[in-house]
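Visitor: The sequence and its predicted three-dimensional model are supplied below.
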Amino acid sequence: MRTDATEVLDSAIPVLAKDRAASMQVIAKRAGISRATLVRLFPTRQHLVQAMAAKILDDCDRALSCAEADTMQQVLATLVAEYPPFAQLWNLVYVEPDVLGVPEASTRADAIFDRTVKLFKRGQSAGLLRNDMPATWLASTFCGLAETAWELTLEGNMGPRQAPDFITAILLHGAAA
């Protein structure tokens, strides 16, 4: 039985993404733990959701730190390889009421998006990404593609190894034949 908070959060994030109304009992069952264990780790649903948001934000920070340290040619590959937290950021952090009421989470989410935009601006300056689109649009598109790929993976409509390639292909080449 899982009792590590990080493992429980990793299991709980997709549950809440697919069913925003999921009860603590449902989340515990899908995470493979008892409700008592879940409540011991996270006394209320609000505590759980806020811990999920903090983990997602931490994961985005880690991915961005790695991408920022990369050469420009590797930035996109690093971001795409680490796409799930960006999907979760849009899927949970920006829409979940228990997160929206926490100003620190909103501030961190905005800072993460700003850093993402700066990476796309860097790609434009290096001539690797189109300059005729705002970097904000490119960053938003990346996050939207990440969210779609993550959801399709959770639903079994896309393999987890396919997702990064699909994100890269659509981001760089569009959907044209």
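Guide: The structure has been received and is ready for your questions. Being a predicted model, the structure only gives us computed values, none of them experimental. Numbers count the residues shown, from 1 in each chain.

Visitor: Name the residues of stretch 48-67 that are buried.
Guide: Along stretch 48-67, these residues count as buried under the neighbour rule (16 or more other C-beta atoms under 10 Å): 48-57, 59-60, 63-64, 67. Where C-beta positions appear, they are placed from N, C-alpha and C, glycine not excepted.

Visitor: er, stretch 29-49 actually
Guide: For stretch 29-49, the buried set under the neighbour-count rule, 16+ other C-beta under 10 Å, comprises 30, 31, 33, 37, 38, 39, 41, 42, 45, 48, 49.

Visitor: got a list of what the first one touches?
Guide: In this case it means residue 30. Each residue near residue 30 by C-beta atoms under 8 Å, 6 or more residues apart in numbering is listed here: 11, 12, 15, 22.

Visitor: Mind putting the buried residues of stretch 29-49 into TSV with secondary structure, pLDDT and distance to residue 106?
Guide: Formatted as TSV, the entries for the buried residues of stretch 29-49 read as follows, by DSSP: H, G, I helix; E, B strand; the rest coil; pLDDT from 0 to 100; distance: C-beta to C-beta, whole Å:
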residue	secondary structure	pLDDT	distance to residue 106
30	helix	88	27
31	helix	87	26
33	coil	91	29
37	helix	93	30
38	helix	94	26
39	helix	95	27
41	helix	94	24
42	coil	95	20
45	helix	89	19
48	helix	92	18
49	helix	88	14
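
Visitor: Within the helices and strands, which one has the residue lying closest to residue 35 once chain neighbours are set aside?
Guide: The spatially closest residue to residue 35, leaving aside those adjacent along the chain, is residue 28, at 4.4 Å (C-beta to C-beta, 6 or more residues apart in numbering). Here residue 28 is covered by helix 24-31, with elements defined by DSSP states H and E.

Visitor: what about that helix, distance to the chain center?
Guide: Once both centres are worked out by C-alpha atoms, centre = their mean, to the nearest Å, helix 24-31 turns out to sit 21 Å from its chain's centre.

Visitor: ok, and what's touching stretch 75-88?
Guide: With contacts defined as C-beta under 8 Å, 6+ apart, stretch 75-88 is touched by 13, 17, 56, 59-60, 62-64, 66-68, 70, 116, 119, 122-123, 128, 142-143, 146-151, 163-164, 167-168, 171-172.

Visitor: go again using 6 Å as the cut-off
Guide: The contact list for stretch 75-88, computed with C-beta atoms under 6 Å, 6 or more residues apart in numbering, reads 13, 56, 59-60, 63, 66-67, 70, 119, 143, 146-147, 150, 164, 167-168.
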